[in-house]
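J.: build me a structure from this.
(2 chains)
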Protein chains: 2
Amino acid sequence: MRTVSVIGIGETKMGKYPNLSIRDMIKEAGNKAITDSFIDRKEIQAVYVGNFNGAYFSNQSHIGAMVSEVLDLGNIPTIRTEGACASGSLAFRQGLIAVMCGIYDIVLVGGVEMMTHQPTEVVTTGIASAMDYELEAMQGLTFPANFAMIANRYFYEYRNVKKEMAICAINAHKNACLNPDAQMQKEVTLEKILASDMIADPLCLYDCSLVTDGAAFLVLAAGDIAEKVCRHRVVDIVGSGHAGDNLTLYTKKTITSFAATRAASEQAYSQAKLTPVDIDFAEVHDCFTITQIINTEDLGFFKHGKGADAVAEGVTAIDGKIPINVSGGLKAKGHPIGATGISQIYEVVTQLRRDAGMRQLGKTDIGLAHNIGGTGGTALVHIFRGR
Amino acid sequence: MRTVSVIGIGETKMGKYPNLSIRDMIKEAGNKAITDSFIDRKEIQAVYVGNFNGAYFSNQSHIGAMVSEVLDLGNIPTIRTEGACASGSLAFRQGLIAVMCGIYDIVLVGGVEMMTHQPTEVVTTGIASAMDYELEAMQGLTFPANFAMIANRYFYEYRNVKKEMAICAINAHKNACLNPDAQMQKEVTLEKILASDMIADPLCLYDCSLVTDGAAFLVLAAGDIAEKVCRHRVVDIVGSGHAGDNLTLYTKKTITSFAATRAASEQAYSQAKLTPVDIDFAEVHDCFTITQIINTEDLGFFKHGKGADAVAEGVTAIDGKIPINVSGGLKAKGHPIGATGISQIYEVVTQLRRDAGMRQLGKTDIGLAHNIGGTGGTALVHIFRGR
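T.: Numbering: from 1, shown residues only, chains lettered A, B, ... in the order given. Have a look, this model is predicted:
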């Protein structure tokens, strides 16, 4: 198996774009990534693009062929991948495998989602397709309700961490203010969070991630090609893990820990020959604040039930021992569902290149990206190392 | 790269299932494939499932995790692939690559689509998401209209082949009568076809493929494992090609030949070290009768502009020199979009195993499956050889 590196990155600013389409977003982020890679676009041999629900939100499927057309890539193979909120990371891993195994030498991987043009009820219904429709969504279950049950169970098994969840949100907003691509650009106080509208008890407005339009693309190349063409610090993908779980929440053995994340992270750590203490910083799936806390435990950064203590102690803050979501995360950078996994990796690579401007961390040699779909039915973990 | 073999196959009967759901279809076809493979389901290491538009037709995304839950596969990685009508073949190729490269040893690949519960206008709108929404679908273009333009252009460049298109339909219906899994079980006459409702001139009702509910699954294994566990004739995948093209019809250089098919078939033939004359039979994408004629030309079976002559001469009939769509094809076996590519391979394997009952062909050592998405924005070609 060959080493594979990220040689080009590009993303749109995350936000609301009522006058732009999926085409426009692909064009902007895709061209940025290709330009940043310093290769000729005709050298790209395949496209892998994550999109969650363009069919429902925008009447648009078959987005692989759209990427090829918009970016003028010719007759190369394209594929769209979908696994709910992990759709982008699935595209990344498929592209990674193809280059690692020598099927292709240079590929474009990306993700895109346009959601904000739809009214809230359409967005909610569209997102709910990431759970089981018959057994869950049709019964009235929504994703805030799913994660509210998870939070309540977490409170029951460990302790009430409502305040620490709020600190996750405070950190996210603070970090996002340092990220020009972030959708949110304002800080938020503990008082404001705790006084905000209740969405699904105990999750209030500021515990929820954003509805976002956005796209992100990356150019991946075999390590030896990267060495020759990359004009940035070469970033190698040193670990990749992908695991799954049942789709429905009620069939899971536990809901305060995601088995898919645990399995995916074990694979990634093992492949990278690293352990959680080796990770300098991480982008972690925070669709809700409670999810971030659980995920940092599942990734082995903290013991189960202790993730909230770490948040309270500042360990996960931008100046902490293991900064989490310096980008602002899904919570404040934004959550353009199909693009999210790629946008997380965009941040990891930016930090490893030391190009993160005001939010640049000190030591950034090894970074991790973690992305889940649904209530943990899909999970992917990738570990990156700067050369 | 290792040889990869198909060791298990399963599909539902294609048809209308108003009382069944995506879950039920996965359960039936998935369990059939696993049972047929004679392996323990716990040996399956990953799932690749094609689905075109469950989100729009059934409010159901994240079908990879559903497959894992329904078939009790544990915490293995799953992915849904989408590329319009080629969604199933994309799943197949991703699974193939993973086993070929040693990422996994045994994987489950499949496809599923439920469409018939929706009224025609919803089906039409949902299918139209496989073209460019802004530039095509929103302007009123439908897929029958797309392929009507293609047919008219073909008539202009070569000659009027309306009668030969009807013969494609006659053959498909005749073959489907010999296939217990086919949706259509009745023969049709030339007179009836030519007198049927005009859908989009020159395509009449019988030139169009079916709206179908269905699922199909296959178990793939590394060749050496296949040798040990397979209780049927082992079927090796000897060639795989995947190529693409622009999404929109108006940007294509020609519309009477699909560049993606030509590129994908070149790859597959080259990998298999075979030429079109070596192929004993083929399942070819016939979303419309004209598409079948064009595809048989693009696959190299006949010269451009000569595909219709071959149909008229009986070359593509079940007792012809190169039988096309002995299963009944999309036209009469059915077109459950996300499952179609897998269902085509199901037929190829069945023929190679010599298990095709009344429709069993004589010499079946090498078979080909060809699947396109949209108006050729995606194309895949796979070649199979029985050991």
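J.: which residue packs closest to A:Q292, ignoring adjacent ones?
T.: Take A:Q292 and drop its neighbours on the chain: the residue closest to it by Cβ to Cβ, 6 or more residues apart in numbering or on different chains is A:D286, 3.7 Å away. Where C-beta positions appear, they are placed from N, C-alpha and C, glycine not excepted.
J.: just the helices in chain A please.
T.: Using DSSP state H, the helices of chain A run over A:22-37, A:54-58, A:63-70, A:87-100, A:120-128, A:143-157, A:162-176, A:190-194, A:223-229, A:259-272, A:289-298, A:307-312, A:329-332, A:337-352.
J.: to B:E121, which of these lies closest?
T.: When the helices of chain A are compared by Cβ to Cβ, helix A:54-58 sits nearest B:E121, at 15.7 Å.
J.: show residues contacting that closest one.
T.: Contact partners of helix A:54-58, identified using Cβ atoms under 8 Å, 6 or more residues apart in numbering or on different chains, comprise A:21-22, A:60-61, A:63, A:112-115, A:117-118, A:122-123, A:125-126, A:129, A:338, B:53, B:55-56, B:126, B:129, B:133.
J.: repeat the analysis, applying 10 Å as the threshold.
T.: Outside helix A:54-58, the residues that touch it by Cβ atoms under 10 Å, 6 or more residues apart in numbering or on different chains are A:21-22, A:51, A:60-63, A:66, A:80, A:82, A:112-118, A:122-123, A:125-127, A:129, A:213, A:337-338, B:52-57, B:59, B:61, B:82, B:126, B:129-130, B:133-134.
J.: generate a ChimeraX selection restricted to the buried entries among these.
T.: Burial among the contacts of helix A:54-58 is assessed by 16 or more other Cβ atoms under 10 Å in any protein chain shown; the matching ChimeraX selection reads:
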select /A:21,22,51,60,61,62,63,66,80,82,112,113,114,115,116,117,118,123,125,126,127,129,213,337,338 /B:52,53,54,55,56,57,59,61,82,126,129,130,133
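J.: the most centrally placed residue in chain A: what's it in contact with?
T.: Centroid-nearest residue in chain A: A:G341, 3.1 Å away (criterion: Cα atoms, centre = their mean). A:G341 is in contact with A:50, A:81, A:83, A:85-93, A:109-111, A:216, A:283, A:285, A:369-373, A:380, A:382, counting by Cβ under 10 Å, 6+ apart.
J.: share the number of residues neighbouring the residue in the stretch 251-387 of chain A positioned nearest to chain B, please.
T.: For the stretch 251-387 of chain A, the residue closest to chain B is A:G377, as judged by Cβ to the nearest Cβ, at 3.0 Å. For A:G377, the neighbour count with other Cβ atoms under 10 Å in any protein chain shown is 30.
J.: look at it and report its pLDDT.
T.: For A:G377, the pLDDT comes out at 98.
J.: surely it touches A:D132?
T.: Yes. In this structure, A:G377 is within contact of A:D132 by Cβ atoms under 10 Å, at 9.2 Å.
J.: where does the stretch 151-300 of chain A dip in pLDDT?
T.: Regions of the stretch 151-300 of chain A meeting the criterion pLDDT under 70 are absent.
J.: what residues does it have near chain B?
T.: By Cβ under 10 Å from any Cβ of the partner chain, the residues of the stretch 151-300 of chain A that approach chain B are A:240-248, A:251-252, A:258-260, A:262-264, A:267.
J.: related to what we said a few turns ago, and the residue nearest to A:Q292, how many neighbours?
T.: Neighbour tally, A:D286, other Cβ under 10 Å: 30.
J.: which residues touch it?
T.: Contacts of A:D286 (Cβ under 10 Å, 6+ apart): A:168-169, A:171-172, A:207-209, A:292-296, A:324-325, A:328-333, A:335, A:370.
J.: so what's whatever residue of the stretch 101-250 of chain A ends up closest to chain B up against?
T.: Distance from chain B to each residue of the stretch 101-250 of chain A (Cβ to the nearest Cβ) is smallest for A:C101, at 3.4 Å. By Cβ under 10 Å, 6+ apart, A:C101 lies in contact with A:M1, A:R2, A:V4, B:M1, B:I97, B:A98, B:M100, B:C101, B:G102, B:I103.
J.: restricted to strands, list the residues you listed.
T.: A:V4 (DSSP state E).
J.: buried among the contacts of A:C101? Need that as a selection in PyMOL.
T.: Selecting only the buried entries of the contacts of A:C101 in PyMOL, with 16+ other Cβ under 10 Å as the criterion:
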select buried, (chain A and resi 4) or (chain B and resi 97+98+100+101+103)
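J.: could I get the contacts of A:C101 as CSV with distance to A:K192?
T.: Converted to CSV, these look like this (distance: Cβ to Cβ, whole Å):
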residue, distance to A:K192
A:M1, 49
A:R2, 50
A:V4, 43
B:M1, 57
B:I97, 50
B:A98, 48
B:M100, 54
B:C101, 51
B:G102, 53
B:I103, 47
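J.: ok, so of the contacts of A:C101, who is nearest A:R359?
T.: Distance ranking of those against A:R359, using Cβ to Cβ, places A:V4 first at 26.3 Å.
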